[in-house]
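Asks: Have a look at this fold, sequence not included:
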C-alpha cells in the first residue's frame, strides 16, 4: 500500500484510528477527575467517532498529497511522516464537534445524525442521576463547556501532532483564519436573520465563510501548507474550495426544500420548518416581490412558523414556481465546472485531481 | 531597564501592549467581513483590554524568569526573545475572556467588572439596531460564539508568537492540561451543585482545577516550560500553585460571605445570594449538622434563594457562629506558608522569589 493513499475509506479509517487514540490518552488523563467528567468524555467521544464522513480531513489530506507531488512545493513538505499528517488533519473533526455542539444549543435542536444532541444527552444524564435543578439548563450549560473542550482539544491535536515545527507553523496560517471564519460565518448567519436581511449577496457571504471556507477552502489550504505548497497551488485550492464549497451549500439549500425524506433522513422541507435564510429563499423572494407579492407575503409568513405537511408543501410549491430553482441548479453546475477548471490548471497529479473532482461531484450532485 | 522586569505594573503594560497589537491585526482582517462582526470584535477587545489584573500572565512571566535564572534550566530557554515570551503569556488573557463570557451565560450574570456581561452587551446591540426576534436569545447565542472566538484566538496568539518552536512545544505540555482542567473544573462546579454534593473534599477538588491549576499552578508551569525549567523546578512551581491557589480561593470564599461591600464592590454576602457551593459553606454545614440541625436546615434553605439584606445577614451570621471561619483562616495561613516554603527550597533568584511571595500574599491577604 502506498504511504499516501487517497481512497476515502482508507483515509477515513486512518483518521478514525488517530481520533480513537486521542480519546484513549485524553480520557486516561481526565476520566479519573470525576465519574461525571468521565461520562461526559464518553459522550464527546461517541459524538465524534459515532458519525460524520470526515470530509474536512479528506480534503486536507488530499491537499497535502497534492502539494507534495506538485512541482513547485518545498521538498521539506514531502519529508513529513504521513501518519503525523493524518494526525494533524484529524484535528478538524474536533473543530466540527465544537461547531455542531454549540450550533445545536443555539438552534434548540433535539437530534443530530439521528441521535440526541449533546445538550439533550447531558439533560438525560442529569435526569438519570436524579439530580436537582433545571435539567434543561444543566444540559445547555455543560454542553457549552463540552464544546469548549472539543475546541481546545482540536488545537491540542494539531499542536502536539508529530508534524515538524516548520509544518506546524505553516499549518497555522490556514488553521487560524479557518476557525475565525467559521465562527464569524455562524454569527453572520444569526445576525442576517435578526436583521431580516433578505439580500442574496448576504446569504452568499455567509455561505463563503460558514460552508465554503470551513469545509473545503481552508482544509485544502491547511493540508497544502503542511505539504509546503507554493502560493500558486494554495491560490488554486482556495479558489476551487470557494467555488465548489458554494455549490455544495446551494445543493444543500435545494435538498432542504425539495429533498426526499426517504433519502435525506430529514423531514420534507426541513429548512422551511427551521426558517433557514438560504440563498435559494433569498432569490425566490426577489422573484416573487417582482411578480407575485401575495405569494411573497405568504412565503415570508410561513418560513419558520409553518408546521403541518400541507403548509410546508404549499411553501415549497411557491418556491418551485419561481425561476430560483433552475437558476440555483445552473449556479451549482457552473460553480462546480469552474472549480474543476481551476484545479485542472494547477499541475496536480492525475490521482489527486481525480479524487478532488470525485469529492466535488459527490458534494454537489448528492441527493442527501 | 532590565529585559526581564518583574514589577507587576511594567509586566501588565507589556502584556496589554501585545494584546492591543493582537486586536489591531485581527480586527484588520475580520472587521471588513461585516459591520456587526466589527462591532462584536470591538466588544471583545473592550472586554479584554478594559479590565483584569493580568494575574495569569504575571505568574507565567515570573515562572519564565525564575526558570531562566535557575541553575538546572536548559540554557536554550534564556535565549528566547523576552518580547516573544510576553506575547505568549498574554494568550492567557484570551482563555480568561472565554471563561468569563461562557461562565456569565451559564450563571445568567448581568454584570462583570461593573460593566454589562457579553451576552447583555450583545442583547443591547440587538435592541439598538431594532432587530427582530428574541434579543435575549440572540445575546446568548452570539456570546457563545464570541467566547469560542476568544478561545481560538488564545491558541492563535500562543501558536503564532515568536517563541522558538522548541519552546512552543514545551509550552503546550502545560497549556493543554490547563485548558482541559479549567473547563473540567467548571463542569465539576455545576455538577456537584446539581448532585447536592456537600462534601468539603468535592469543593476542594473543584478549587484545585478551577482556581489553583488555572490561576497559578499551570501559568507558572507554562512560563517555566518556555524557559526550559527542569522537572524539579516545575514540580516546585506546581506545588506552590496548588497551595497558594487553594488559599486564594478560600480567601474568596470568606470575602463572598463576609466581605465589605465598600471594598469588594459586590453586594454583601454575594456568594450566599448566588448559592455558590464553596468549601467554606461545606465545612459550615458539616459543623452545623453535628451541633445545630435547625440552623443547618435554615442555611440550606436560604442559600441561593434568600434575597433581602436581613436574610443574607442571618445566613452569614449562621456561618460566622461555626468554627468553619477560623478553620478557613487557619487553612489560608498554612497553605500560604507551605507554598512559600516550597518556593524557598527551589533555588530561585531572590528577585523571583520576592515577586512570587508578594503575589502569594496579595492573593491570600486581600480584602477584595
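Replies: Nice, thanks for sending it over. Note that this is a predicted model, so its numbers are computed, not measured.
Asks: Which residues does the helix or strand hosting residue A:105 contact?
Replies: Here residue A:105, judged by DSSP states H and E, is contained in helix A:92-106. Residues outside helix A:92-106 that contact it (Cβ atoms under 8 Å, 6 or more residues apart in numbering or on different chains): A:15, A:19, A:44, A:47-48, A:52, A:54, A:56-57, A:60, A:109, A:112, A:117-119, A:140, A:143-144, A:146-148, A:150-151, A:153-154, A:157, A:178-179, A:182, A:186, A:190, A:214, A:219, A:222, B:141, B:144-145, B:148. C-beta here means a position set from N, CA and C on the backbone, and glycine is covered the same way.
Asks: Could you list which of the residues you listed belong to helices?
Replies: The members of the contacts of helix A:92-106 that map onto helices under DSSP state H are A:15, A:19, A:44, A:47-48, A:56-57, A:60, A:118-119, A:140, A:143-144, A:146-148, A:150-151, A:153-154, A:157, A:178-179, A:182, A:186, A:190, A:219, A:222, B:141, B:144-145, B:148.
Asks: PyMOL command for the buried members of the residues you listed?
Replies: Here is the PyMOL command that picks out the buried ones among the ones in helices among the contacts of helix A:92-106, judged by 16 or more other Cβ atoms under 10 Å in any protein chain shown:
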select buried, (chain A and resi 15+19+44+47+48+56+57+60+118+119+140+143+144+146+147+148+150+151+153+154+157+178+179+182+186+190+219+222) or (chain B and resi 141+144+145+148)
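Asks: Distance of residue A:9 relative to residue A:53?
Replies: Going from residue A:9 to residue A:53 by Cβ to Cβ, to the nearest Å gives 10 Å.
Asks: now swap in residue A:228 and tell me
Replies: As judged by Cβ to Cβ, residue A:228 and residue A:53 stand 27 Å apart.
Asks: Specify which residue of the two has the higher count of neighbours.
Replies: residue A:228 (23 against 10; other Cβ atoms under 10 Å in any protein chain shown).
Asks: Read off the pLDDT value for the more buried one.
Replies: What the model reports for residue A:228 is a pLDDT of 97.
Asks: and it, what are its phi and psi?
Replies: Reported as degrees, to the nearest 10, the phi and psi values for residue A:228 are phi 70, psi 30.
Asks: And for residue A:347?
Replies: Torsion angles, degrees, to the nearest 10, at residue A:347: phi 50, psi 40.
Asks: which residues does it contact?
Replies: Contact analysis of residue A:347 by Cβ under 8 Å, 6+ apart lists A:70, A:71, A:72, A:233.
Asks: give me that answer again for 6 Å
Replies: By Cβ atoms under 6 Å, 6 or more residues apart in numbering or on different chains, the residues touching residue A:347 are A:70, A:71.
Asks: any idea how far residue A:81 is from residue B:94?
Replies: On the measure of Cβ to Cβ, residue A:81 and residue B:94 end up 31 Å apart.
Asks: ok, now residue A:19?
Replies: Taking Cβ to Cβ, one finds residue A:19 at 26 Å from residue B:94.
Asks: Then residue A:355?
Replies: Residue A:355 is 37 Å from residue B:94, by Cβ to Cβ.
Asks: What of residue A:71?
Replies: Counting by Cβ to Cβ, the gap from residue A:71 to residue B:94 is 40 Å.
Asks: burial measure for the residue of the stretch 101-250 of chain A found nearest chain B, as a count.
Replies: Residue of the stretch 101-250 of chain A nearest chain B, by Cβ to the nearest Cβ: residue A:165 (3.2 Å). As a burial measure, residue A:165 scores 12 neighbours (other Cβ under 10 Å).
Asks: Who are the contact partners of it?
Replies: Contacts of residue A:165 by Cβ under 6 Å, 6+ apart are residue B:165.
Asks: State the distance from it to residue B:88.
Replies: Applying Cβ to Cβ to residue A:165 and residue B:88 gives a distance of 15 Å.
Asks: pLDDT score for the closest residue to residue A:36 other than its chain neighbours?
Replies: By the measure of Cβ to Cβ, 6 or more residues apart in numbering or on different chains, the closest residue to residue A:36 outside its immediate chain neighbours is residue B:191, 4.7 Å from it. pLDDT recorded at residue B:191 is 96.
Asks: Now do the phi/psi pair for residue A:115.
Replies: Phi and psi for residue A:115, reported as degrees, to the nearest 10, are phi -120, psi 160.
Asks: residues in contact with it?
Replies: The contact partners of residue A:115, taken as Cβ under 6 Å, 6+ apart, number zero.
Asks: Could you tell me how many residues sit around residue A:236?
Replies: Other residues within reach of residue A:236, judged by other Cβ under 10 Å, total 23.
Asks: For it, give its distance to residue B:296.
Replies: Residue A:236 sits at a distance of 71 Å from residue B:296 (criterion: Cβ to Cβ).
Asks: Also residue A:232?
Replies: From residue A:232 to residue B:296 the distance is 74 Å (Cβ to Cβ).
Asks: Those two: who's more crowded?
Replies: Neighbours per residue (other Cβ under 10 Å) separate residue A:232 from residue B:296, with residue B:296 holding more: 20 against 13.
Asks: what about the more buried one, is that helix, strand or coil?
Replies: Using DSSP: H, G, I helix; E, B strand; the rest coil, the secondary structure recorded for residue B:296 is helix.
Asks: I'd say it and residue B:289 touch.
Replies: Yes. Using Cβ atoms under 6 Å, residue B:296 is in contact with residue B:289, at 5.1 Å.
Asks: near chain B, which residues of chain A show up?
Replies: Applying Cβ under 6 Å from any Cβ of the partner chain, we find that chain A lies next to chain B at A:30, A:33-34, A:36-37, A:102, A:106, A:131-133, A:138, A:141-142, A:144-145, A:148-149, A:151-152, A:155-156, A:159-160, A:165, A:172, A:176, A:179-180, A:183-184, A:186-188, A:190-191, A:194-196.
Asks: Fine by me, thanks again.
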